[in-house]
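K.L.:
No letters, just coordinates:
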């Protein structure tokens, strides 16, 4: 690869690193083509970009970005997963794959919103419910006081009607 191609790759990687909300690094030593294809397909379905890049190019590309803290992890074969939208979805796919392919695929580190996180943090992120579930829970929490208030308001006239009905029955009995 000539110098011009390398500079172009570094510029592209730099742009992608700047735009990414989360970046995950993994060691893919020993993976076969079938495993790599499976991982790529799962990540693509989660809207995550997966690349294998030279460590020196990654190091140059990460300069002056909030992903620069990953530099110490650029050793050995390095695969990079870039999430532009939902970091939790990426963490779920990568953690699941790392569990099933423990001998050939190991997560190294990640950066989420500019902060470096460890492999255990990636696992904790993967254990979070999906974005849709979290939004549904939030909406349920917001809706609960309103629903309870409506229930209280409806109970007052209902109690009044039941009390009047009891008085009516009592008067009819006399």
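P.N.:
It's in. All values derive from a computational prediction rather than experimental measurement.

K.L.:
Find the residue at the geometric middle of this protein.
P.N.:
The residue lying closest to the centre of the chain (CA atoms, centre = their mean) is residue 88, at 1.0 Å.

K.L.:
domains in this protein, as residue ranges please.
P.N.:
Following automatic domain parsing, one gets these domains for the chain: 3-128, 129-174.

K.L.:
Give the rounded mean pLDDT of the first one.
P.N.:
Which is domain 3-128. Averaging pLDDT along domain 3-128 yields 87.

K.L.:
any chance you could map the strands in the protein?
P.N.:
Ranges of strands within the chain are 22-27, 48-52, 79-83, 106-112, 115-117, based on DSSP state E.

K.L.:
what are the pairing partners of the longest one, and which direction each?
P.N.:
Read it as strand 106-112. strand 22-27 (antiparallel), strand 115-117 (antiparallel) (DSSP bridges).

K.L.:
do the same with the third one
P.N.:
Taking DSSP bridges as the criterion, strand 79-83 pairs within the sheet with strand 22-27 (antiparallel), strand 48-52 (antiparallel).

K.L.:
In CSV: those, plus mean neighbour count.
P.N.:
Every C-beta, even on glycine, is put in place using the N, C-alpha and C of the backbone. CSV is the format used below for those (neighbours: other CB atoms under 10 Å):
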stretch, mean neighbour count
strand 22-27, 24
strand 48-52, 17
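
K.L.:
can you tell which of the ones you listed is closest to residue 164?
P.N.:
For residue 164, the closest of these is strand 22-27, at 62.3 Å, according to CB to CB.

K.L.:
For that closest one, give me every contacting residue.
P.N.:
17, 67, 70, 73-74, 76-83, 87, 90-91, 94, 98, 105-113, 122 (CB atoms under 8 Å, 6 or more residues apart in numbering).

K.L.:
Right, I'll leave it there.
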